[in-house]
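Asks: predicted model and sequence follow; I will ask about them next.
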Amino acid sequence: CRIFGFEPGTFPGTQTAMVELIHPADRDKFTDTLQAALLNEDRFCAEFRIVRSQTNEVRHLTNIGTVRRDSDNAPVSVVGMITDV
């Protein structure tokens with residue numbers, strides 16, 4: 001939450017909400033990386049920028065994660081870590 005400038009518990013945690021935080025110039029690359037992981041990979045690593053809405057500060061981030069799947073191999077969730085570079 002601190003990286004994005006949110007109070008704990010206030011971020012909705014959806015893919016749409018996440019993509020909206022990403023710098024417009026980096027959104028397509030991030031979305032492509034995530035979609036590839038959801039479709040046929042399990043791990044992903046994406047580098048992108050965000051613009052904090054409160055201060056307009058640009059931050060460079062790295063997101064590594066793993067796609068969790070159910071018994072039918074359908075994606076259920078994405079678990080990962082975001083690091084401020």
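Replies: That came through, no problem.

Asks: find the centremost residue of the protein, please.
Replies: Here the mean C-alpha position of the chain is nearest to the C-alpha of residue 18 (Cα atoms, centre = their mean), at a distance of 5.5 Å.

Asks: hey, what's the residue lying closest to residue 79 once chain neighbours are set aside bridged with?
Replies: In space, and not counting its chain neighbours, residue 79 is closest to residue 66: 5.6 Å by Cβ to Cβ, 6 or more residues apart in numbering. Yep, even glycine has a C-beta here, placed from its N, CA and C like the rest. The residues paired with residue 66 through beta bridges, assigned by DSSP bridges, are residue 43, residue 79.

Asks: one step back: flag every buried residue along the helix or strand the residue nearest to the centre of the chain falls within.
Replies: Under the assignment given by DSSP states H and E, the secondary-structure element containing residue 18 is helix 15-21. For helix 15-21, the buried set under the neighbour-count rule, 16 or more other Cβ atoms under 10 Å, comprises 18, 21.

Asks: which secondary structure elements does that helix contact?
Replies: Contacts defined by 3 or more Cβ pairs under 8 Å, 6 or more residues apart in numbering; DSSP states H and E place helix 15-21 against helix 27-40.

Asks: phi, psi for residue 62 please.
Replies: For residue 62, the backbone dihedrals are phi -120, psi 130 (criterion: degrees, to the nearest 10).

Asks: nice, that's everything, thank you.
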